[in-house]
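>>> show me the folded form of this:
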Amino acid sequence: MADGTKDEKKIADKAAYWFALLRSGTHAPAQERAFELWISEDAQHQTAYHHLQSVWDGCDALSEDPEFLSIRRRALQPRQPAAWRAGAVAAACAFLILIVGAIGAQFWNTSPLPAADRIIADIGGVLDRQSRYYSTQVGERSNITLPDQSVVDLNTDTEIRTLFTDQERRIVLVRGQALFKVAHDADRPFSVVASGQVITALGTEFEVRLDQGEVAVTLLEGRVTVDELNTAAGGLGEEDDHTDAKETIVELAPGERIEVGQNGPPTISTPDVEKVIAWKDGVVSFIGEPLEEVVYEMNRYSETKIVIRDESLKQMPFGGTFKTGVTDSFIIAMTYNYPIENETDPETGEIILKWIESP
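Reported below is the predicted structural model:
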């Protein structure tokens, strides 16, 4: 078996372990946090888990299906010798749970799986868990009202996972950028996990951006704490894998922004907040940033990518306000104000920027 195939199987097995554990109703808060760190570490982790989630979501309709409810009622009654028969969709979902449970059992070293009718009886309760994925494509934005009436704005190419329980409200920022306006609920803390950082809101509005493993948190109003989440290394299912240690990094004040990179200490600044969240209105603004950074930001909103051909162009300061996803207006501004020309690569469709050569 090729190494790549082995890695894929290992990731799929771990995804199945987390999927089964989080739906078992027996996991501890530390295990939930360990999962959030695992899923934020690698895009392959996210893809594997999301695949299981998508199949599971296909079973949502069963929670109100008359035949399913009838099966569930019968399963909760004392077992009868007569065989029972489920509908095709219910059987498929039960089969999925059996598979996931079997994989999870390899890690747990648990007793044999419960009978299929017992599993069917438990589906309805699991479907009631308020766990959902929300996402946007490149160039899209979305406004979401969560079950607690908190509001989330998703920027381009963004994905979040929500998990609401009676004890907490937790969001995992899988990728991208989101603005959170948190509804007050003193009994249920609201937190966002992004690449090992835990942002806990204390009744507030804040933005979180996850970009190439770096996390930036900007506080608009209220208060937030930013904590670092660490989990001990070890195989899944081992006791030390479910322990964690959190050390508070900082509590932000309105108008402050913290940036946490993979290398070096966190940095705190006081940026122009309106500029930071301008994307919410479909625009991006630049004030003398290097052209390389400007092009990177513009490329986030469009499938048509801009490439800087000349190295000397990358550090050239550039400013202006542009609509997100409208590459043409940006190119026009570039070529009008600077001795720059552009050409389109016929193979990739990329727009190449370069200095105009002297005659």
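>>> all helices for this structure, in order.
Listed from the start of the chain, the chain has helices (DSSP state H) covering 3-22, 29-41, 43-57, 66-76, 88-108, 116-127, 273-276, 291-299, 327-337.
>>> check which residues of the last one are buried.
For helix 327-337, burial by neighbour count (16 or more other C-beta atoms under 10 Å) applies to 327, 330-331, 334. C-beta here means a position set from N, CA and C on the backbone, and glycine is covered the same way.
>>> weakest of the helices of the chain by average pLDDT?
With a mean of 41, helix 116-127 has the lowest mean pLDDT of these.
>>> can you pull the contacts of residue 322?
By C-beta atoms under 8 Å, 6 or more residues apart in numbering, residue 322 lies in contact with 283-285, 298, 329-330, 333.
>>> skipping adjacent residues, who's closest to it in space?
With sequence-adjacent residues excluded and distances taken as C-beta to C-beta, 6 or more residues apart in numbering, residue 322 is closest to residue 330, at 5.1 Å.
>>> test my guess that the one you found contacts residue 299.
No: with contact defined as C-beta atoms under 8 Å, residue 330 does not reach residue 299; the gap is 10.2 Å.
>>> give me the common contacts of those two.
residue 306.
>>> for stretch 341-351, measure first residue to last.
By C-alpha to C-alpha, to the nearest Å, the extent of stretch 341-351 from end to end equals 10 Å.
>>> pLDDT of that stretch, averaged?
If you average the pLDDT over stretch 341-351, you get 93.
>>> go through it and flag the buried ones.
Within stretch 341-351, the residues that count as buried by 16+ other C-beta under 10 Å are 350-351.
>>> kindly report the same for stretch 191-206.
Judged by neighbour count (16+ other C-beta under 10 Å), stretch 191-206 contains these buried residues: 191-201, 204-206.
>>> got TSV for those, with distance to residue 289 and pLDDT too?
Converted to TSV, those look like this (distance: C-beta to C-beta, whole Å; pLDDT from 0 to 100):
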residue	distance to residue 289	pLDDT
191	31	93
192	26	94
193	29	92
194	23	91
195	23	84
196	27	82
197	24	88
198	29	90
199	25	93
200	31	92
201	29	91
204	28	90
205	25	95
206	23	97
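>>> looking at the residues you listed, which are in strands?
Using DSSP state E, the subset of these located in strands is 191-194, 197-201, 205-206.
>>> name the nearest of those residues relative to residue 220.
The nearest member of those to residue 220, counting by C-beta to C-beta, is residue 205 at 4.3 Å.
>>> please report how far the closest one lies from residue 278.
Note on residue 205: its distance to residue 278, by C-beta to C-beta, to the nearest Å, is 15 Å.
>>> what do you get for residue 253?
Relative to residue 278, and taking C-beta to C-beta, residue 253 is found at 21 Å.
>>> higher neighbour count, those two?
It is residue 278, of residue 253 and residue 278, that has more neighbours when counted by other C-beta atoms under 10 Å, with 15 against 12.
>>> please report the distance of the more buried one from residue 220.
For residue 278 relative to residue 220 (C-beta to C-beta), the value is 13 Å.
>>> equivalent analysis for residue 44, please.
With C-beta to C-beta as the criterion, residue 44 and residue 220 are 34 Å apart.
>>> higher neighbour count, the two?
Neighbour count, other C-beta under 10 Å: between residue 44 and residue 220, residue 220 has more, with 18 against 13.
>>> spit out the contact partners of that one.
Residue 220 neighbours (C-beta under 8 Å, 6+ apart): 204-207, 254-255, 273, 277.
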